[in-house]
Every structure is written in structure tokens, then in C-alpha cells.
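**Student:** I would like the atomic coordinates for the input below:
(chains A and B)
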Amino acid sequence: MSRKLAGSEIERLIHLLARLPGLGPRSARKAALALIKKREELLLPLAAAMGEAAARITVCPECGNVDTQSPCTLCRDDRRDPSLIVVVEEVGDLWALERANAVNGRYHVLGGRLSPLDGVGPEDLGIDRLVERSKAEGVKEVLLALNATVEGQSTAHYLMDVLARPGLTVSRIAHGVPVGGELDYLDDGTLAAAIRSRRPV
Amino acid sequence: MQWADEGVVLSVRPHGETGAVAEVFTRAHGRYLGLVHGGRGRTKRPILQPGNHVTAEWRARISEQLGVLTLELKHPFAAELLDRRLGLAGLECLTTLARLLPERDPHANLFEVTLFVLGFLGDDEIWPALYARWELALLQELGFGLDLSACAVTGANDYLAYVSPRTGRAVSAAAAEPYKDRLLPLPGLLIGGGAQGARPADIEAALRLTGHFLERDVLMPRGLKMPDARRRLLAGSCWGS
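**Tutor:** Numbers count the residues shown, from 1 in each chain, chains lettered A, B, ... in the order given. Sure, this is the predicted structure:
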């Protein structure tokens, strides 16, 4: 058995930090040490921020985003276009779209994708809630911003089927050459997708 | 231990922070699992999509280990089918059901058929019939093959039109007449009829036939269910035509 490095509180802190993405036991130890050294500037504010976050963060009942208020900030923002619903798989995808400032609609976070491997079916993703939202007055377009993976796209096809109704446009984001991408370095699949979804200019 | 082969990616599960455990159906080695280093990275992710045709190299110190897989893309079937509703559903059925094969047990014939069907998934006119035959071949490889060579009652081998849901043996149209409502219809496309231009009703009958035996003999005993994609294939108004 390895000898103990520190008291159980510090060990526990290291152990918990090591479970975060991007951190292993070694880097967790480093992070713990930095926190302890900067007790006033870092450790206490972080502890307070985490406590507050844990107490107040909820999932928005409207769109599935996480926020400290319910409905979330994005759903409350009335400058957003209510006629467009952007469907994403995870909150991380929503953040990516917001970071890029790419779209000014409302969101809907599925919280996953249909996956036969993990046994995730339509009922696990709250798809009926999305269908309900898409029927609301003034909704003209649902944009499926799902990942370009087999699971993501089969989810998209499934959603296209269940969302279809007259007067509603269901669209999906394009697949193809990324900005700054050189054809020479692209993988075959992306190239094929880019060629297939070409458009006249 | 080491081998190199070609295969079809069946599934990918994340492993650790950057790696993935991939499952490939190879020609000479059957269904194999292995760790792919950096399998969730930017360069490997497009390769590690279910349905892709790859060259695979597997290494381990002893054969009992999970081993490390190195995959290179041969043909991006997954990417080609991403925007095809039916083709993608077919791809999902194919890769999910092929996972029923025993691990590390070669099924070279089924592999050839799998590649063949994958090649046609872009053509909705042809693939459903080929896919139904693939399921028939899968049943055969799993040891639950149907006997469609001759009528179970008369021994004749023409006008086979039904299959007994209990024994999986074909029955000719004449012999089946008294109890045909208890039998499963056997469409011609499963016994050598052309795949092209098969009628939607025939494809549905073929899928119901293979589905019945897959569920009863393979999925139920293992406590599994038909993949959702396949149920959607049957439930929705299918095949475009």
C-alpha cells in the first residue's frame, strides 16, 4: 500500500479533481496544490462559486439548457427570433453556437442522440416536448444542428419524420469543407459530403 | 499476437479521455474488439463511424487481451449515407445486428455479403431486398438458418410460398392452403428472385419473416430487442415507391 501524502481532506480534494475531464491524478495534485497555495484568491472563491452553482443551477423546462434561472436566459431574451428553433444534442453544442454568435433563434437541447448501442430511444430524449414546441404559434423553422455522425444524423432523420407538418420548414446544417480547410488534407468522407451538398452560385 | 485484415466498423465506445474501443467485423477473424489510441481525436473520428470499410491491424501480447486496433479508412460508407434517410437506417440495422455474431469467430461469407449490401445502401430501389437476404444469411451463420430448399410437406421445391413460424421450413403454396393464415408468407426475393424492383409488400413480408426468427431465436434468448431503426423501417411508409 502506498503511503499517504496528506490528510484525508486534501486526499479527497485531489481524488475529486482527478475525476474532472482533462485532469489525471498527477495534474489533480498540481491543481490542488495551486488551490491551497492561493487560499484567499482561489480556493475560497471557488468553493463559494461551486456551492452557489450547485444550489442554483437548474435545467430549463422550456429548452433543456442549464442556467441559474428558469426559464433560462436565452428563453427569456425577447430579442431572439421565436420563429426559429435550433435543435442541438448537448448543452456544449449550444454553447459552441452561442460562442460563434451564429444563430439568433431559440434552442432545444435533446441531451443526447438516438443510440441503439446505449439503448437510448425517442422517449429518453423528450422528443415529444420538441414536437409540442414546434407546433406553437409563430414557429416557422426547426434547424437540426446535430453532429455529423451516424447516430446524430439518424436522430436528425427521425426528427424530420416526426416534425413534418405543413407550414414548418425543417432544415439541417451543412456538412463539408471547414473554414481554412484545404481539400488535400480533408478525409474522404467529408470530401464526398461536400461534393454531394454542392450548390449553384 | 498480431494480424492485419479488412473489416467493417460495427460500433465505437469512448474509452478514457481520448481513446475508444472499436468493434470491427473482419473477413478472416470475425468480430473483434480493440482499443484505438486517440480514437476520439479529430483525425480518427471520421474513420470510426459505424459502417465504414477499413483496414484493421490488431496487436496484443497475448490473445486474451483486448488488444490495440489500428484502423485506416478504405471506403467512407457512413459519410456517404449521412443524408439518406433509408440508407442510414439500413446501415444502423446492419451494424447493430452484425454485433450478434460471436466474437473472434470468422464468418467470411457473411462478411462478403455485408460489404456487398453496404455498397448498395445508397440505392433505395435495391438495398432493402439485399438487406433482407443479408438477414437470412445472418440467421444461417448464427445457426438458425431457415430451410427454404423444399416443401416440408410434399418435398417438392417449386411454388414455395410460406414458411412455418415454428420450424423455419418452407411450405409450397398448395400444401399450405388449409392453414396459410398461420404461416409466414415467403416472398420470391428470398429464394433467388431478383433484388431489383422488388415490391414494397414483398420486402415487408421478407423483413417480417427474418424478423420473426431473429427475434425468437436470437434476440429473445439474449434479452435483446430489435434495433429501433429496424422497427422504424417496418413501421414507416417505407421504400419511397
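**Student:** Outline the domain layout of the chain.
**Tutor:** Went with chain A since none was named. Per automatic domain parsing, the domain ranges recorded for chain A read A:8-56, A:66-200.
**Student:** look at chain B instead
**Tutor:** According to automatic domain parsing, the domains of chain B span B:2-79, B:85-148+B:186-235.
**Student:** how about the helices in chain B?
**Tutor:** Along chain B, the stretches classed as helices by DSSP state H are B:77-81, B:85-98, B:108-120, B:127-141, B:173-176, B:200-213, B:228-235.
**Student:** will you turn those helices into JSON lines that also has mean pLDDT?
**Tutor:** Compiled in JSON lines, the helices of chain B are given as follows (pLDDT from 0 to 100):
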{"stretch": "helix B:77-81", "mean pLDDT": "90"}
{"stretch": "helix B:85-98", "mean pLDDT": "92"}
{"stretch": "helix B:108-120", "mean pLDDT": "95"}
{"stretch": "helix B:127-141", "mean pLDDT": "93"}
{"stretch": "helix B:173-176", "mean pLDDT": "85"}
{"stretch": "helix B:200-213", "mean pLDDT": "91"}
{"stretch": "helix B:228-235", "mean pLDDT": "81"}
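**Student:** how about the domains of chain B, which one is nearest A:V142?
**Tutor:** Comparison of the domains of chain B against A:V142 by C-beta to C-beta identifies domain B:85-148+B:186-235 as nearest, at 16.1 Å. C-beta: built from backbone N, CA, C; applies to glycine.
**Student:** ok, that closest one near chain A or not?
**Tutor:** Yes - using C-beta under 8 Å from any C-beta of the partner chain, domain B:85-148+B:186-235 reaches chain A at B:R85, B:L88, B:A89, B:L91, B:E92, B:T96, B:P227, B:D228, B:A229, B:R232.
**Student:** Dump those into a markdown table; add neighbour count as well.
**Tutor:** Output for the residues of domain B:85-148+B:186-235 next to chain A, formatted as a markdown table (neighbours: other C-beta atoms under 10 Å in any protein chain shown):
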| residue | neighbour count |
| --- | --- |
| B:R85 | 19 |
| B:L88 | 23 |
| B:A89 | 25 |
| B:L91 | 30 |
| B:E92 | 26 |
| B:T96 | 20 |
| B:P227 | 20 |
| B:D228 | 22 |
| B:A229 | 22 |
| B:R232 | 21 |
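**Student:** and the two most separated of the residues you listed?
**Tutor:** Farthest pair in the residues of domain B:85-148+B:186-235 next to chain A, by C-beta to C-beta: B:R85 and B:T96, 16.9 Å.
**Student:** Would you mind listing what in chain A touches chain B?
**Tutor:** A:21-22, A:114, A:116-117, A:121-122, A:148-150, A:153-154, A:157-158, A:160-161, A:175, A:187-190, A:192-193, A:196-197.
**Student:** For the buried ones among these, write the corresponding ChimeraX selection.
**Tutor:** In ChimeraX, this line selects whichever of those come out buried by 16 or more other C-beta atoms under 10 Å in any protein chain shown:
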select /A:114,116,117,122,148,149,150,153,154,157,158,175,187,188,189,190,192,193
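**Student:** Just give me how far stretch A:150-160 sits from the chain centre.
**Tutor:** 16 Å (C-alpha atoms, centre = their mean, to the nearest Å).
**Student:** which other residues reach that stretch?
**Tutor:** With contacts defined as C-beta atoms under 8 Å, 6 or more residues apart in numbering or on different chains, stretch A:150-160 is touched by A:87, A:89, A:110, A:113-115, A:122, A:125, A:127, A:130, A:142, A:144, A:146-147, A:170, A:172, B:49-51, B:78, B:81-83, B:85, B:88-89, B:91-92, B:229, B:232.
**Student:** tell me the phi and psi of the closest residue in space to A:R79 that isn't next to it in sequence?
**Tutor:** Distances taken as C-beta to C-beta, 6 or more residues apart in numbering or on different chains put A:N104 closest to A:R79, at 7.8 Å, once the chain neighbours are dropped. Note on A:N104: backbone dihedrals following degrees, to the nearest 10 are phi -120, psi 50.
**Student:** wouldn't A:N104 be in contact with A:R80 here?
**Tutor:** Yes - counting by C-beta atoms under 8 Å, A:R80 is a contact partner of A:N104 at 5.8 Å.
**Student:** Compare neighbour counts for the two and give me the winner.
**Tutor:** A:R80 (15 against 11; other C-beta atoms under 10 Å in any protein chain shown).
**Student:** how near is the more buried one to A:R129?
**Tutor:** 19 Å (C-beta to C-beta, to the nearest Å).
**Student:** A:K38 now?
**Tutor:** 44 Å.
**Student:** same question, A:W95
**Tutor:** Taking C-beta to C-beta, one finds A:W95 at 21 Å from A:R129.
**Student:** How confident was the prediction at A:N65?
**Tutor:** We note a pLDDT of 92 for A:N65 in this prediction.
**Student:** tell me the contacts of it?
**Tutor:** Contacts of A:N65 (C-beta under 8 Å, 6+ apart): A:V59, A:C72, A:L74, A:C75, A:V91, A:L94, A:Y107, A:V109.
**Student:** Looking at those residues, spot the one nearest chain B.
**Tutor:** A:V91 (17.8 Å; C-beta to the nearest C-beta).
**Student:** What mean pLDDT does the longest strand seen in chain A get?
**Tutor:** Looking across chain A with DSSP state E, the single longest strand is strand A:81-88. Per-residue pLDDT over strand A:81-88 has a mean of 94.
**Student:** State the number of residues packed around A:D93.
**Tutor:** 19.
**Student:** which helices and strands sit right next to the helix or strand encompassing it?
**Tutor:** For A:D93, the host element (DSSP states H and E) is helix A:91-99. For helix A:91-99, the elements it packs on are strand A:81-88, strand A:105-109, judged by 3 or more C-beta pairs under 8 Å, 6 or more residues apart in numbering or on different chains; DSSP states H and E.
**Student:** residues in contact with the shortest one?
**Tutor:** For strand A:105-109, the external contacting residues (C-beta under 8 Å, 6+ apart) are A:63-65, A:74-75, A:80-91, A:93-94, A:97, A:130, A:133, A:141, A:143.
**Student:** which among those end up buried?
**Tutor:** Buried, going by 16+ other C-beta under 10 Å: A:63-65, A:74-75, A:84-89, A:91, A:93-94, A:97, A:130, A:133, A:143, out of the contacts of strand A:105-109.
**Student:** how near is A:D67 to B:L189?
**Tutor:** According to C-beta to C-beta, A:D67 stands 54 Å off from B:L189.
**Student:** The two: which is more packed in?
**Tutor:** B:L189 (22 against 18).
**Student:** need the contact list for that one.
**Tutor:** B:A129, B:A132, B:R133, B:A195, B:A198, B:D202, B:I203, B:A206 are the contacts of B:L189 under C-beta under 8 Å, 6+ apart.
**Student:** Could you tell me the phi and psi values at whichever residue of chain A sits closest to chain B?
**Tutor:** Going by C-beta to the nearest C-beta, chain B is nearest to A:G189 of chain A, at 2.7 Å. A:G189 has phi and psi values of phi -60, psi -50 when expressed as degrees, to the nearest 10.
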